[in-house]
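A.B. asks: Provided below are the primary sequence and the corresponding predicted coordinates.
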Amino acid sequence: MSDPEHNRVTYNDVHNLIRRSAEKIAEFKPDMLIAIVCLTFPPGSSGFFPARVLRTFLKSPTRKGNIPIHAIGLSLYESLPGLTEEQIGAQVIRTQWLGPESGALLLGRHALIVDEVDDSRKTLHYAVTELQQDVERELAKLPEAEREAKRTKFAVFVVHNKLKPKLAQIPADIPYYAGEEIEDVWLDYPWEAQDIEEHDRLAEEAKTKKRQAQS
């Protein structure tokens, strides 16, 4: 079996995709960013860098201070203690959450969930479902007449969305933003690279070959 095709993504690539997406995302008026991060070794998916860059482009003169960034740790592909081979890649494991008062933190917010890539969609589905459940538990403590006004609005932003069949779905009423739609290729992000100069060199080499093939 041949190695999967690799697409090396540079920091500049990510920055520019986010910049082009920010105007549309601003219409959602997020006041909270929730980055999906992988806290295991070796490093994996990380929405934290994209969330930090996105915050720069969402600054508004009408808002005091920066939009807060929170992190949730989820693992799908990494081997964690206690997991069987069948569970790795099939089961989403929570490694970090917003804390014991997650629902209270979320209540009434416009929360944008951020990740680097939408692959199988299982991780995003888990994040949305669990965060919504936290909110519903908190809403249940309020008088019924106050609940709708306090219900959290969620949206999702990914740098890349892979054009492939998804194994889970996101509710249709949740806004979904993708910086770029791509084929199902292996993505090498710069925050995963140990030698960033070599990573950028190979990325530019691949772009040059692609331009030559298209000319």
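C.D. replies: Done, it's in.

A.B. asks: Could you list the low-confidence segments of this structure?
C.D. replies: Where the chain drops to pLDDT under 70, the residues are 1-4, 39-45, 77-90.

A.B. asks: so who does the residue positioned nearest the centre of it touch?
C.D. replies: Geometric centre of the chain, nearest residue: residue 115, 1.1 Å, by C-alpha atoms, centre = their mean. Contact analysis of residue 115 by C-beta atoms under 8 Å, 6 or more residues apart in numbering lists 35-36, 45, 47, 50, 123-124, 156-159. Where you see a C-beta, it was placed from the backbone N, CA and C, and this is true even at glycine.

A.B. asks: Of the residues you listed - the most surrounded one?
C.D. replies: Ranked by the number of neighbours (other C-beta atoms under 10 Å), these place residue 47 first, at 30 neighbours.

A.B. asks: Verify the stated contact: it with residue 114.
C.D. replies: Yes - Residue 47 lies in contact with residue 114 (C-beta atoms under 8 Å); the separation is 4.0 Å.

A.B. asks: any common contacting residues for these two?
C.D. replies: 35-36, 158.

A.B. asks: Turn the contacts of residue 115 into a markdown table, including distance to residue 22.
C.D. replies: Putting those into a markdown table (distance: C-beta to C-beta, whole Å) gives the following:
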| residue | distance to residue 22 |
| --- | --- |
| 35 | 16 |
| 36 | 19 |
| 45 | 21 |
| 47 | 15 |
| 50 | 11 |
| 123 | 23 |
| 124 | 20 |
| 156 | 15 |
| 157 | 9 |
| 158 | 14 |
| 159 | 12 |
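
A.B. asks: Now the residues you listed in a markdown table, please, with extra columns for secondary structure and distance to residue 149.
C.D. replies: Converted to a markdown table, the contacts of residue 115 look like this (DSSP: H, G, I helix; E, B strand; the rest coil; distance: C-beta to C-beta, whole Å):
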| residue | secondary structure | distance to residue 149 |
| --- | --- | --- |
| 35 | strand | 27 |
| 36 | strand | 28 |
| 45 | coil | 34 |
| 47 | coil | 29 |
| 50 | helix | 30 |
| 123 | helix | 30 |
| 124 | helix | 27 |
| 156 | strand | 23 |
| 157 | strand | 25 |
| 158 | strand | 29 |
| 159 | strand | 33 |
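
A.B. asks: Output stretch 140-148 as PDB - backbone C-alpha positions only.
C.D. replies: Extracted in PDB, the C-alpha atoms of stretch 140-148 (Å, rounded to 0.1, in the frame of the first residue of the first chain):
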ATOM      1  CA  ALA A 140     -33.300  23.300  33.700                       C
ATOM      2  CA  LYS A 141     -32.400  25.200  36.900                       C
ATOM      3  CA  LEU A 142     -34.000  28.400  35.500                       C
ATOM      4  CA  PRO A 143     -37.700  29.400  35.400                       C
ATOM      5  CA  GLU A 144     -39.100  28.100  32.100                       C
ATOM      6  CA  ALA A 145     -39.900  31.700  31.000                       C
ATOM      7  CA  GLU A 146     -36.200  32.600  31.100                       C
ATOM      8  CA  ARG A 147     -34.700  29.600  29.400                       C
ATOM      9  CA  GLU A 148     -35.000  30.600  25.700                       C
END
